[in-house]
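Student: this one's sequence-less:
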């Protein structure tokens, strides 16, 4: 049977300028790069080396070396012999190293994230971390085993469908065992057998099937396959799946299991402050907890394949997922093969996840590459590939603001979304309404979504008169208040995804007083501070009762009368100042009060039994620390 041995500790790392040190995986050499002005962001080739003893295995077994994430290109050498080469920093790849193993082994991995014209991504608004930043595993399996050689897949492919009250589960298995038999058993969430059968390619029926129903009821089954040779089990593999139906109506939006299910959620990058992308399961769980607390029901996993563990969390908690490859910002003619291989890996490795409903072809591809034939043809190739490999899901892509609604690239995929920052990069929040209305009028049969929208905000910057470009928490609130109302006015949108759930590293940026960062997150890079806008979304989306006073970090105020804003999902909110009742207001989501400000004021918001407190005070002059300081950098914005 299978045995996994992780190779995580005691790696010798030779980094930039020949630096040497011992590291433990996951690891990146860019965890701090770019965040002190952007000048030290280093892209190049580094070497990882590890010695390990030969694992125990018999002559009837094979040993695979599995890498779950190496950014961006990897050359793997075992005992002086090339074992694998992989281009693409976000997917799993493996190599059969059985015949290369010795009693004592030397594993060398050359990792390269340097600039080139063939491996994506090369131009984008996020840091391209280099390193072995996910697990490395030695997998010992029988020589008769389910396939481990096909684009990093597991050897089992599950295609569920719902027919009336029954679930029809098509299960295909792939293996290296001529004449072997495959037995399949489907277990329900309690571990009881729901269906069983025999065959490499079969369809099983689950009577009275329990549907995977998003955040309301993310019910999962498990398919367990056993490979038998001469009646003896040689290998086993299992995968969870969910039975659901979904569709998109260009006039009514997204439907899940036959009912309207508006997709309202966030985008997410996979990095943390001072850690980069070398994150652990604990970090993944923290991200999911925060997204769930806010009440989102969909996540765009941008702009690349994420860790399998996070897709598993999406399955478990009912998040509807947009999964995509890093075909982003520019079309590289020499990179076409890489877009195809990364798409194949994305689909093969993630096919069984019920959370995924759409495959993303590209993001903002026309920023650097205009409407040329090679780029358009590559999109058609990818779109056709997705439909061939997975006829059950839809395709989509994200266009940026300057990619007009008539651009041919915007009409290739099944769905389309736009990255629009109207009201941030350009003035006029009302332009969002005009844009949506025009596109829907011109293309009434084309499903439209908002894949990115947002604005920068620093928790230390504040203003009583917030305006576009000031990076204050207060303007971010105004922006998102408008956008949520705007989406309410346009129910035909198939999905909306805030950019971004968390602040993230972007080496090219220098804004908000913190270089190398994009501050559009609703939560800070270290996940310690929930910006006020986080609570606005919680007021709209979450069913968990709460009340939140905004502006608690805007403590020093120079005005004698100030505005106090409160977010809550309760119908009535009261405000008290130093124990005196200011008033009660009824409404939805946003409650605004005017109060006199003299000296120290303790605020208390009440919504039924709920309480929240904050302290503010009057000062004679505006606190200069609350104002954005201009820098000499010319790279203030990505676009």
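Tutor: That came through fine. Quick caveat, the model's predicted, so the values are computed rather than measured.
Student: what pairs with residue 105 across the strands?
Tutor: Following DSSP bridges, residue 105 is listed with bridge partners residue 52.
Student: what about it, how many neighbours?
Tutor: 17 (other CB atoms under 10 Å). No exception for glycine: its C-beta is placed from N, CA and C like everyone else's.
Student: for the one 10 residues further on, same thing?
Tutor: Residue 115 is flanked by 10 other residues according to other CB under 10 Å.
Student: for residue 123, see how far away it is.
Tutor: 9 Å (CB to CB, to the nearest Å).
Student: burial count for the nearest residue to residue 60 once chain neighbours are set aside?
Tutor: The shortest distance from residue 60 to any non-neighbouring residue, by CB to CB, 6 or more residues apart in numbering, is to residue 143 (5.4 Å). Applying other CB under 10 Å, we find 15 residues neighbouring residue 143.
Student: residues contacting residue 143?
Tutor: 60, 61, 62, 176 (CB atoms under 8 Å, 6 or more residues apart in numbering).
Student: local confidence estimate at the first one?
Tutor: Okay, so that is residue 60. We note a pLDDT of 96 for residue 60 in this prediction.
Student: now swap in the last one and tell me
Tutor: What the model reports as pLDDT for residue 176 is 85.
Student: any idea of the pLDDT on residue 638?
Tutor: Note for residue 638: predicted pLDDT of 38.
Student: got it, and residue 631?
Tutor: For residue 631, the pLDDT comes out at 63.
Student: the nearest residue to residue 47 once chain neighbours are set aside: neighbouring residues, count only.
Tutor: Spatial nearest neighbour of residue 47, excluding adjacent residues (CB to CB, 6+ apart): residue 14 at 4.3 Å. Here the number of neighbours of residue 14 (other CB under 10 Å) works out to 16.
Student: what about residue 409, which SS state?
Tutor: helix (DSSP: H, G, I helix; E, B strand; the rest coil).
Student: just give me the neighbour total for it.
Tutor: Other residues close to residue 409 by other CB under 10 Å number 24.
Student: where along the stretch 251-400 of the chain do the strands fall?
Tutor: Along the stretch 251-400 of the chain, counting by DSSP state E, counting those that start in this stretch, strands occupy 253-256, 259-260, 263-268, 298-301, 320-324, 356-363, 394-400.
Student: can you redo those strands as JSON lines with distance to residue 128, mean pLDDT and mean neighbour count?
Tutor: What follows is the strands of the stretch 251-400 of the chain, written out as JSON lines (distance: least, CB to CB, whole Å; pLDDT from 0 to 100; neighbours: other CB atoms under 10 Å):
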{"stretch": "strand 253-256", "distance to residue 128": "32", "mean pLDDT": "98", "mean neighbour count": "21"}
{"stretch": "strand 259-260", "distance to residue 128": "39", "mean pLDDT": "98", "mean neighbour count": "9"}
{"stretch": "strand 263-268", "distance to residue 128": "17", "mean pLDDT": "98", "mean neighbour count": "25"}
{"stretch": "strand 298-301", "distance to residue 128": "17", "mean pLDDT": "98", "mean neighbour count": "28"}
{"stretch": "strand 320-324", "distance to residue 128": "16", "mean pLDDT": "98", "mean neighbour count": "26"}
{"stretch": "strand 356-363", "distance to residue 128": "14", "mean pLDDT": "98", "mean neighbour count": "27"}
{"stretch": "strand 394-400", "distance to residue 128": "19", "mean pLDDT": "97", "mean neighbour count": "24"}
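Student: for residue 21, which of the ones you listed is the nearest?
Tutor: strand 263-268 (30.4 Å; CB to CB).
Student: run the angle between the closest one and strand 394-400 for me.
Tutor: 60 degrees (axes from the mean of the first three to the mean of the last three CA atoms, to 10 degrees).
Student: name every strand pairing with strand 263-268 and say which way it goes.
Tutor: strand 298-301 (parallel), strand 495-498 (parallel).
Student: appreciated, that's everything.
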